[in-house]
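> coords below, sequence missing:
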């Protein structure tokens, strides 16, 4: 990204994906955005506050940025609990920890059955994902 700015929609994508990482959101955004020529301290905090209620889905990203995604083989596979959907945020945290998705997942889990078991498994897996995400952010800084 060095030497190039980001269009508004691309900034939104970065902010929407990294801005959902809880306490790690602002440091992660600052670590990425500081390489932009128009970087200003505090851009990360500003973008983290601008997230919509639900994270952008992989399908929407492929639709909006098809010229990019067709070259990078956007073909991630996630364990998606009932009530959730594929989104890049799931690379860092479990669906039960994503603001916007966690409510949908909890509603599905309250209906019982397999959804409840999947939610419990996702919560266990999210603990390890958060630890890995923190070390990845530290390495990028």
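Looks like it arrived, so ask away. All of these numbers come straight from a predicted model, not from anything done at the bench. Numbers count the residues shown, from 1 in each chain.
> And the residue nearest the centre of the chain?
The centre of the chain sits closest to residue 89, judged by C-alpha atoms, centre = their mean, with a distance of 2.2 Å.
> and that one, how far is that from residue 67?
22 Å (C-beta to C-beta, to the nearest Å). (Each C-beta comes from the backbone N, C-alpha and C, glycine too.)
> repeat for residue 97
Counting by C-beta to C-beta, the gap from residue 97 to residue 67 is 31 Å.
> The two: which has the busier surroundings?
Higher neighbour count among residue 97 and residue 67: residue 97, with 21 against 7, using other C-beta atoms under 10 Å.
> if I pick the residue nearest to the centre of the chain, what's in contact with it?
17, 20, 21, 55, 98, 101 (C-beta atoms under 8 Å, 6 or more residues apart in numbering).
> now the helices for the chain?
For the chain, the helices defined by DSSP state H cover 8-18, 25-33, 43-49, 58-64, 66-69, 101-110, 114-140.
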